[in-house]
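what would the 3D arrangement of this be:
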Amino acid sequence: MFPSSRLRRQRKAISFPAGWQIIPIAGKYWTSGAADGLGGWRWTGNLEANFDDFTKWGVGQPDSDMVKQRVALNFQSLAAVFWESEDDTMSMRYICEVEDSGTPTSPQPTVTTTTPTTTTPTTTPPPVNECNARKALFIVLESSSHVGSANFQLGKQFAADLSRAFTGLSTSKLGFLTYALIYHVRVHLHNSDSPEEIVSDILSAAYEGHSTRNTAEGMLAAKLQLETYSSGNPMHMVVLTNGVSASPSTTKHIADLANLVGIRTYAIGVSMPDSADQELLNIAGQYSDRVFKTDWARLDTILGSVVNKVCNS
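Below you'll find the predicted structure:
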């Protein structure tokens, strides 16, 4: 799963109490590997780490299918372990990468409690003109710990209200994903859902809360969906973020690639300092008229402006 040098460090740090055994379970496991949009592959836990040092692809892998952009480890036995590219909608076990504490400890019992939360959709959505031009729109919403759970609900409500303006035409396409360390496609662009079902899927998206803000990964996933499923509609991507990404140069590169293939990118910066303006400009492909800034309490006030900009572009 990891480049060989990283794997050796991991082995030195791991030990198990006497009597423990590792019992491998045959099957497929998600790793942090993903396509980088440049014809290569990277570990999303470290955007600077590519696959130059070590690979273990199976026969005929990676698959040429553009949808299969994530790396899974296919474990059949200790003598048969290899990588495969897969669609991120596949359900399988996963491998977690943890920080090396340097001091092995015996496992301690933990108790996890959760408090159920409910999301109440806005009963009366803010008035907004419906776009009568066919579009392929993908909404990308940050879900990192920097946003916070309460503000994430506001972001989802904004995304749901934005979707309503672009789902009136049966020929239009709409997708939605959230991202932090990794991305999660909540509404695929090739969906056949009703506008109400799309809104429901957006509002039910779970909050991730990871500290890493991997904007490039979210934008890359949206780019691939638009390129694959836009059905000839003009392509647009709206990115709602709360701060500077983990790798600003990679984010800029993905945005540049998106605009190069005809995807218009828009940046919505929420409660971001002026020092982060360059990040927003990078996301928007250096087009300042596609950048919107506001705070969480007034996010809904820019909805009409965003709709009009996307619809008339």
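
quickly note the distance from residue 283 to residue 249.
13 Å (Cβ to Cβ, to the nearest Å). For the C-beta atoms, the positions are set from N, CA and C on the backbone; glycine is no exception.

so the two - more neighbours on which side?
residue 283 (31 against 12; other Cβ atoms under 10 Å).

now the more buried one. Nearest residue, chain neighbours left out?
residue 267 (3.8 Å; Cβ to Cβ, 6 or more residues apart in numbering).

where does the stretch 151-300 of the chain dip in pLDDT?
Regions of the stretch 151-300 of the chain meeting the criterion pLDDT under 70 are absent.

quick one, helices of it?
195-203, 215-229, 248-260, 277-283 (DSSP state H, counting those that start in this stretch).

among the ones you listed, which is nearest residue 158?
If you check each of the helices of the stretch 151-300 of the chain against residue 158 by Cβ to Cβ, helix 195-203 wins as the nearest, at 9.6 Å.

now do the buried residues in the closest one.
198-199, 201-203 (16 or more other Cβ atoms under 10 Å).

ok, stretch 176-196 next?
176-189, 191.

re the thing from before, deepest in the core, which of the helices of the stretch 151-300 of the chain is it.
helix 215-229 (a mean of 25; mean count of other Cβ atoms under 10 Å).

follow-up on the earlier one: generate JSON lines for the helices of the stretch 151-300 of the chain, with distance to residue 56 as supplementary columns.
Compiled in JSON lines, the helices of the stretch 151-300 of the chain are given as follows (distance: least, Cβ to Cβ, whole Å):
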{"stretch": "helix 195-203", "distance to residue 56": "35"}
{"stretch": "helix 215-229", "distance to residue 56": "22"}
{"stretch": "helix 248-260", "distance to residue 56": "24"}
{"stretch": "helix 277-283", "distance to residue 56": "34"}
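
can you tell me which of these is nearest to residue 300?
Taking these one by one with Cβ to Cβ, helix 195-203 is closest: 14.5 Å.

which other helices and strands does that closest one contact?
Using 3 or more Cβ pairs under 8 Å, 6 or more residues apart in numbering; DSSP states H and E as the contact criterion, the elements in contact with helix 195-203 are helix 149-164, strand 173-179, strand 183-187.

out of these, which is closest to residue 236?
With Cβ to Cβ as the yardstick, what comes closest out of the helices and strands packed on helix 195-203 is strand 173-179 (10.0 Å).

contacts for the closest one next, please.
Strand 173-179 is contacted by residues 135-144, 159, 163, 166-167, 183-191, 198, 201-202, 205, 208, 214-215, 217-218, 221-222, 225-226, 229-231, 233 when judged by Cβ atoms under 8 Å, 6 or more residues apart in numbering.

ok, so of the buried residues of helix 195-203, who is nearest residue 87?
residue 201 (17.8 Å).

need the contact list for that closest one.
176, 186-187, 193.

farthest pair within the buried residues of helix 195-203?
Farthest pair in those, by Cβ to Cβ: 198 and 203, 9.8 Å.

for residue 71, see how far away residue 83 is.
Taking Cβ to Cβ, one finds residue 83 at 6 Å from residue 71.

correction: residue 302
From residue 302 to residue 71 the distance is 37 Å (Cβ to Cβ).

neighbour-wise, which of the two wins?
Applying other Cβ under 10 Å to residue 302 and residue 71 shows that residue 71 carries more neighbours, namely 27 against 16.

show me what that one is bridged to.
residue 85 (DSSP bridges).

my guess is it contacts residue 34, does it?
Yes. Look at residue 71 against residue 34 with Cβ atoms under 8 Å: they come within range, at 6.6 Å.

determine the residues that are contacts of both of those two.
Contacts common to residue 71 and residue 34, judged by Cβ under 8 Å, 6+ apart, are residue 41.
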